[in-house]
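Engineer: structure of the sequence below:
(one chain, ligands or ions: 1)
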Amino acid sequence: MSSSAAAAAAPAGPVLKKPIKMALVQLASGSDKAANLKHAADQVAKAAASGSKLVILPECFNSPYGTNFFPEYAEVLLPSPDPKAAPSYASLSNMAKDNQVFLVGGSIPEYNPSTKKHYNTSLIFGPDGALLATHRKVHLFDIDIPGKITFRESEVLSPGNQVTLVDLPGYGRIGVAICYDVRFPELATIAARRGAFALVYPGAFNLTTGPLHWKLLAQARAMDNQIYVAMCSPARDMGATYHAYGHSMLVDPMAQVVGEAEESEAIVEAELDSAKIEETRRNIPLNTQRRYDVYPDVNQGKIHFEDPELPKPT
Ligand SMILES: NC(=O)CC(=O)C(=O)O
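Structural biologist: Have a look, this model is predicted:
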């Protein structure tokens with residue numbers, strides 16, 4: 001099953017059928033899209049060679065991060081991607097296939113010519129190179145911290161409209177969302193209640209919000225939901241207009257950091273194991289202690305909407 005809203009109730013049995021090694025590729029990228037894609041391919045191959053089967057790239061890995069850059073770098077994915085108009089789509093599919101990995105392809109700016117809208121979009125591919133799911137950033141990064149940072153993605157981007165669940169055949173299900181989405185616990189909770197073993201966030205926090213909230217949010221989402229949380233950032237480039245925080249990290253279901261990068265390019269790798277999820281849930285049994293009778297409007301993950309515009313899995 002793919003990202004489709006049809007991803008119904010949580011599957012029976014362990015949420016992760018067998019251990020899987022994950023790699024977070026904290027990529028150094030610049031303004032040359034072709035060079036960024038080539039570099040990403042090299043790093044994905046490196047992660048796969050060391051045994052990772054689930055590889056994650058950062059938000060906006062093929063371009064600089066900034067509203068002025070989105071239109072210039074945007075690719076057309078609908079109705080079906082043309083390799084010339086969507087070189088990132090083609091190269092992500094090849095990276096997954098060439099290395100036989102599940103690939104959460106960070107995010108790329110997307111343009112839909114029929115609606116004339118831009119999105120911040122993550123493409124997820126299977127080891128055969130087929131598209132498994134598409135997530136468009138649901139919550140746009142519009143903030144204003146006077147004297148520190150002002151950013152308004154909504155000046156250029158439109159939001160996505162769905163919770164994205166992705167089934168990885170042989171393993172289980174992950175939830176995928178992008179950066180600012182991590183601040184909204186609802187997406188994470190729905191994904192966990194539908195049986196996700198991990199939440200994956202390509203993201204690019206900055207030097208104001210990163211030190212304050214990045215780790216706290218990863219740990220909070222893991223602690224609330226008792227699953228793994230992965231946040232994958234670009235490497236920091238002080239010559240760029242946006243200074244990414246870095247610190248890609250993987251947090252386990254007990255909210256412990258099991259791997260963390262610093263600010264420069266790195267690959268963070270760790271094995272995810274169902275036993276850790278089960279142990280956490282056995283020791284602290286939140287899942288059987290919830291009081292839906294007290295908060296009936298917070299349901300068990302039934303709030304789910306499939307965006308009819310998104311490309312269907314191939
Ligand atoms: N860049 C983002 O989308 C989010 C971010 O930097 C923050 O939430 O802080």
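Engineer: residues from the stretch 101-250 of the chain in reach of the ligand?
Structural biologist: When proximity is defined as CB under 6 Å from any ligand atom, the stretch 101-250 of the chain approaches the ligand at 141, 179-180, 183, 204-206, 209. C-beta coordinates here come from the backbone N, C-alpha and C atoms, glycine included.
Engineer: what about 5 Å?
Structural biologist: Residues of the stretch 101-250 of the chain found near the ligand (CB under 5 Å from any ligand atom) are 141, 179-180, 204-205, 209.
Engineer: so which of those are in strands?
Structural biologist: With strands defined by DSSP state E, no entry of these lies inside them.
Engineer: select only the buried ones of the residues you listed in PyMOL?
Structural biologist: Only the buried entries of those go into this PyMOL selection, using 16 or more other CB atoms under 10 Å:
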select buried, resi 141+179+180+204+205+209
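Engineer: could the residues of the stretch 101-250 of the chain next to the ligand go into a markdown table alongside pLDDT?
Structural biologist: What follows is those, written out as a markdown table (pLDDT from 0 to 100):
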| residue | pLDDT |
| --- | --- |
| F141 | 96 |
| C179 | 98 |
| Y180 | 98 |
| A204 | 97 |
| F205 | 98 |
| T209 | 98 |
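Engineer: just the closest of the residues of the stretch 101-250 of the chain next to the ligand to Y245, please.
Structural biologist: Of all those, F205 has the smallest distance to Y245: 4.2 Å, by CB to CB.
Engineer: which residue is nearest the centroid of the protein?
Structural biologist: Centroid-nearest residue in the chain: Y201, 3.1 Å away (criterion: CA atoms, centre = their mean).
Engineer: hmm, F197 is touching L16, no?
Structural biologist: Yes. The pair F197 / L16 is scored as a contact, 4.0 Å apart, by CB atoms under 8 Å.
Engineer: quick check: neighbours shared by the two?
Structural biologist: 171-172, 272, 274, 277 (CB atoms under 8 Å, 6 or more residues apart in numbering).
Engineer: so of those, which ones are in strands?
Structural biologist: Those of the shared contacts of F197 and L16 lying in strands (DSSP E): 172, 272.
Engineer: reformat the shared contacts of F197 and L16 as CSV; add pLDDT.
Structural biologist: Formatted as CSV, the shared contacts of F197 and L16 follow (pLDDT from 0 to 100):
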residue, pLDDT
Y171, 97
G172, 97
L272, 98
S274, 96
I277, 97
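Engineer: can I get the buried part of the shared contacts of F197 and L16 as one ChimeraX selection?
Structural biologist: Here is the ChimeraX command that selects only those of the shared contacts of F197 and L16 that count as buried (16+ other CB under 10 Å):
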select :171,172,272,274,277
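Engineer: export the shared contacts of F197 and L16 as CSV, with columns for distance to N36.
Structural biologist: Output for the shared contacts of F197 and L16, formatted as CSV (distance: CB to CB, whole Å):
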residue, distance to N36
Y171, 28
G172, 30
L272, 27
S274, 35
I277, 34
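Engineer: from the ligand, how far off is the closest residue to Y228 other than its chain neighbours?
Structural biologist: Closest residue to Y228 apart from its sequence neighbours, by CB to CB, 6 or more residues apart in numbering: A198 at 4.0 Å. Look at A198 and the ligand: by CB to the nearest ligand atom, to the nearest Å, they are 20 Å apart.
Engineer: where do the helices sit along this protein?
Structural biologist: 33-49, 70-73, 87-99, 185-193, 209, 215-225, 274-283, 286-289 (DSSP state H).
Engineer: wait, which of those helices is closest to I20?
Structural biologist: When the helices of the chain are ranked by proximity to I20 (CB to CB), helix 274-283 comes first, at 9.6 Å.
Engineer: quick one: contacts of the closest one?
Structural biologist: In contact with helix 274-283 (CB under 8 Å, 6+ apart) are residues 14-19, 172, 197, 226-228, 252-254, 287.
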